[in-house]
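Chemist: no FASTA, just this:
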């Protein structure tokens, strides 16, 4: 008739142990000792058990609420963040000054009057033994996830079912907890990058991000006593008070969790080979390899390796249209699976919580393309515009949904409440890129750009600003 106790099952090579779990106990699994890290903010917001309630002395009842809402917040949002970290466009490390050898004068001269695109790649190489390096700063203040406002996410937690004797369903199991969560995810990325021309047609580049993350979550929760303030537990038994209360005794409560981190993100290596150049048209084959050097639990990186082959076509000198087309494969990440390694079960009045290693799952792969042009307006100024398209295969989605409660005699009646649900879908992410590059002095370039979202899918912000400096010699 009630949940009499809960057991914590800790998996390990030496066996498992079970201890009674009292209300208020939090099982953090792989987040134990890492509560201040951004990846553990959502698992720690309510705890991996879901929302646990007070033990009513008049009706001893250990209750916890989980349901799809917990998985959507803990795993759906976490997977979306990991996916975003894996597919973020990075500054083109080899755009800027390009050189070719002039046999008549015996020196290297500029091969293009344009400084190239910002996020796309052009087919031109920088020239044998030439080196360029720079840094760029990107500011992310994510405000929506699949069109859902991150500052007002509705989620409804449902009672663990079958808590009566022999798995019987009890009236109080119809109760729900309605929550409204505010997620503030801020990410600042400083990208250090460099390119060396190994030959006149072969470039090798590296991009090293330094990432600062601040993630805060707050949630206001309200218990809705769908079964009523009192209920009859069995025929002929006097009514009892509804046992569902928060620890302070009320029907409302607030939760909060924060995490910060700073460090090196996922390092990307790029090799680009110019394979054709004639009549003003250039074609290059390129390959990006992303190493999972950023700590995923800290949201510094995706936690997964990535391989991205693509081709780049460009033409012209002063006005240079360009096209990129490619595919990116991503590996497995704990952010796409279960970062805590914690699962919840229910067997005949006993809540069982198992903790073990974090569970990794594959991040979605993507097809991507870009179409744009850069224009050398003057010898010192280049204007750049791009359309950036990405198609994510079997990507995580968070959908706005509703849940309808049961109609219990003497209760609130059937209620339809807004909530969220997780799923997967093949989706397109589209952005516009507008910016310019200006030659300050010598071969020092200043870059500024705006990345503008053109749809509501994925984890996004309206406008992503970028500024940068680079130098070539």
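Modeler: That came through, no problem. Given the structure is predicted, the values throughout are model-derived calculations rather than measurements.
Chemist: Any idea what residue 320 is bridged to?
Modeler: With DSSP bridges as the criterion, residue 320 is bridged to residue 374.
Chemist: Could you give the number of residues near it?
Modeler: Neighbour count of residue 320, defined by other Cβ atoms under 10 Å: 26. The C-beta positions use only the backbone N, C-alpha and C, and glycine is treated the same way.
Chemist: Kindly report the same for residue 257.
Modeler: The burial count for residue 257: 20, using other Cβ under 10 Å.
Chemist: ok, now the one 3 residues further on?
Modeler: Here the count is done by other Cβ under 10 Å, and residue 260 has 16 residues near it.
Chemist: pretty sure residue 42 is in a strand, no?
Modeler: No: using DSSP: H, G, I helix; E, B strand; the rest coil, the secondary structure at residue 42 is helix, not a strand.
Chemist: how about residue 271, what does it touch?
Modeler: 202-205, 286-287 (Cβ atoms under 8 Å, 6 or more residues apart in numbering).
Chemist: Select only the buried ones of these in ChimeraX?
Modeler: A single ChimeraX command selects the buried members of the contacts of residue 271 (16 or more other Cβ atoms under 10 Å):
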select :203,205,286
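Chemist: In CSV, list the contacts of residue 271 along with pLDDT.
Modeler: Formatted as CSV, those follow (pLDDT from 0 to 100):
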residue, pLDDT
202, 96
203, 95
204, 96
205, 95
286, 97
287, 97
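Chemist: Looking at the contacts of residue 271, which are in strands?
Modeler: Counted as lying in strands by DSSP state E, out of those, are 202-205, 286-287.
Chemist: And the most centrally placed residue in the chain, how close does it get to residue 299?
Modeler: Centroid-nearest residue in the chain, with Cα atoms, centre = their mean: residue 81, separated by 0.5 Å. Taking Cβ to Cβ, to the nearest Å as the measure, residue 81 falls 6 Å from residue 299.
Chemist: Going by neighbour count, list what's buried in the longest strand seen in the chain.
Modeler: The single longest strand within the chain, with elements called by DSSP E, is strand 416-441. Neighbour counts over strand 416-441 (16+ other Cβ under 10 Å) mark 419-422, 427, 429, 431, 433, 435-437, 439 as buried.
Chemist: same check, this time on stretch 230-237
Modeler: For stretch 230-237, by 16+ other Cβ under 10 Å, it's residue 231.
Chemist: Below-threshold pLDDT in this structure: ranges please.
Modeler: Counting by pLDDT under 70, the chain contains low-confidence ranges at 1-30, 47-50, 54-62, 99-111, 164-167, 233, 341-356.
Chemist: just the helices in it please.
Modeler: 41-46, 68-71, 77-87 (DSSP state H).
Chemist: Show me what the second one is in contact with.
Modeler: This points to helix 68-71. 46, 50, 155-158, 179, 419-422.
Chemist: in its sheet, what does the longest strand of the chain sit against?
Modeler: When DSSP bridges is applied, strand 416-441 pairs with strand 381-404 (antiparallel), strand 444-453 (antiparallel).
Chemist: Compute the inter-axis angle for it and helix 77-87.
Modeler: In terms of direction (axes from the mean of the first three to the mean of the last three Cα atoms, to 10 degrees), strand 416-441 departs from helix 77-87 by 20 degrees.
Chemist: how far does strand 416-441 sit from the chain's center?
Modeler: Its chain's C-alpha centre and that of strand 416-441 lie 12 Å apart, by Cα atoms, centre = their mean, to the nearest Å.
Chemist: Okay, the closest residue in space to residue 307 that isn't next to it in sequence and residue 256: tell me how far apart.
Modeler: Leaving aside its sequence neighbours, residue 307 sits nearest to residue 329 (Cβ to Cβ, 6 or more residues apart in numbering; 5.0 Å). Distance of residue 329 to residue 256, given as Cβ to Cβ: 38 Å.
Chemist: ok, residue 460 touching residue 453?
Modeler: Yes: if you go by Cβ atoms under 8 Å, residue 460 and residue 453 touch, sitting 4.8 Å apart.
Chemist: More neighbours: these two, which one.
Modeler: residue 460 (23 against 18).
Chemist: related to what we said a few turns ago, what number of residues lie near the residue nearest to residue 307?
Modeler: When counting by other Cβ under 10 Å, one arrives at 15 neighbours for residue 329.
Chemist: As a check, name the ranges of all strands in the stretch 101-250 of the chain.
Modeler: 107-110, 131-142, 144-145, 148-149, 153-159, 176-197, 202-224, 230-231, 240-241 (DSSP state E, counting those that start in this stretch).
Chemist: For the last one, which strands pair with it and how are they oriented?
Modeler: Translated: strand 240-241. Short version: by DSSP bridges, strand 240-241 pairs with strand 230-231 (antiparallel).
Chemist: Need the residues that contact the partner strand.
Modeler: Residues contacting strand 230-231 (Cβ under 8 Å, 6+ apart): 171-172, 239-242, 408, 410-411.
Chemist: Report the distance from that strand to the chain centre.
Modeler: Its chain's average C-alpha position is 43 Å from that of strand 230-231, according to Cα atoms, centre = their mean.
Chemist: State the distance from the residue nearest to the centre of the chain to residue 73.
Modeler: For residue 81 relative to residue 73 (Cβ to Cβ), the value is 12 Å.
Chemist: Could you pull up the contacting residues of residue 146?
Modeler: 80, 397-399, 456-458.
Chemist: mind redoing it with 6 Å?
Modeler: 397-398, 457 (Cβ atoms under 6 Å, 6 or more residues apart in numbering).
Chemist: ok, and the closest non-adjacent residue to it?
Modeler: Residue 146 sits nearest to residue 398 (Cβ to Cβ, 6+ apart), 4.9 Å away.
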